[in-house]
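>>> Turn this into a model:
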Amino acid sequence: MTWRLQCNEISHYLESTHIVDFATTPEILKLSCDIAAQAENEIAFIKAAYEYVRDNIAHSADIQGKTVTCKASEVLSAKEGICYAKAHLLAAVLHANKVPAGFCYQKLILNEDTAPHLVLHGLNAAYIKSLDKWIRLDARGNKKGVNAQFSLNKEQLAFPVRAEKGESDIPIIFAYADTNIVDTLAKYDELDQLWHNLPTCLEGLKDN
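Residues are numbered from 1 along each chain as shown. All right, here's what the predicted structure looks like:
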């Protein structure tokens, strides 16, 4: 798979925004600083930041959570979020230590037995300056049947893409969280409502 950057200027992948709101959230800045203080180098920091969000922020569906979070600050405060929200927090932690990071999306079947339709799944891509390389990171959270790991070479994401079932990768690294996803998260207060209305297309792409 050949990945395309949404923006050619790397600075777009470092910004603090309304969603990736590290600049106005001291708790995110402190978390990023604390992780960096324990890391030997850039790669170690990215790995530790990824593993922190993957392992210490619960996926709301896994804990039968009710809260819908979206902004990075909300995710860190609540200690939970679904895939998109966790990706917002990971981007914020990386950006706070000047590591470029963006957003990637996949189209996956929600549940083959109970909801056999395609929805969007959100994850991140981080730029490793020392290797001049982007890698994808899926901080969704591991559980039985899900074993995402940090890897510099062979990707190990949360879910395999099964092309024969219509699943696919969207081959773009977006600089900003997609508007349709953000609007969908903002629309629902309870997870049960959101889960029946997960986004199926990106605002940033036509005919996707």
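
>>> Next one: Leu191 relative to Leu123, how far apart?
19 Å (C-beta to C-beta, to the nearest Å). All C-beta spots, glycine's among them, are computed from the backbone N, C-alpha and C.

>>> Give me the more crowded residue out of those two.
Leu123 (22 against 19; other C-beta atoms under 10 Å).

>>> Remind me which helix or strand that one belongs to.
Leu123 is located in strand 115-128, with elements delineated by DSSP states H and E.

>>> So what are the sheet partners of that strand and their directions?
Strand pairing for strand 115-128, determined by DSSP bridges: strand 101-111 (antiparallel), strand 133-137 (antiparallel).

>>> Contacts for the shortest one, please.
Residues from elsewhere that reach strand 133-137 (C-beta atoms under 8 Å, 6 or more residues apart in numbering): 3, 46, 50, 90, 104, 123-128, 148, 150-152, 155, 157, 173.

>>> wait, Asp21 sits on Ala72?
Yes: when contacts are counted by C-beta atoms under 8 Å, Asp21 is listed as touching Ala72 (5.5 Å).

>>> quick one: common contacting residues for these two?
Between them, Asp21 and Ala72 share these contacting residues under C-beta under 8 Å, 6+ apart: 28, 92.

>>> more crowded one of those two?
Using other C-beta under 10 Å as the criterion, Asp21 and Ala72 rank with Ala72 on top: 32 against 18.

>>> Any buried residues in the helix or strand containing Ile173, and which?
Secondary structure assigned from DSSP H and E places Ile173 in strand 168-174. By neighbour count with 16 or more other C-beta atoms under 10 Å, strand 168-174 contains the buried residues 169-170, 172-174.

>>> Any buried residues in the helix or strand just after it, and which?
Next helix or strand after strand 168-174 toward the C-terminus (DSSP H and E): helix 179-187. Judged by neighbour count using 16+ other C-beta under 10 Å, the buried positions of helix 179-187 are 180-182, 184-185.

>>> What of stretch 91-100?
91-97, 99-100.
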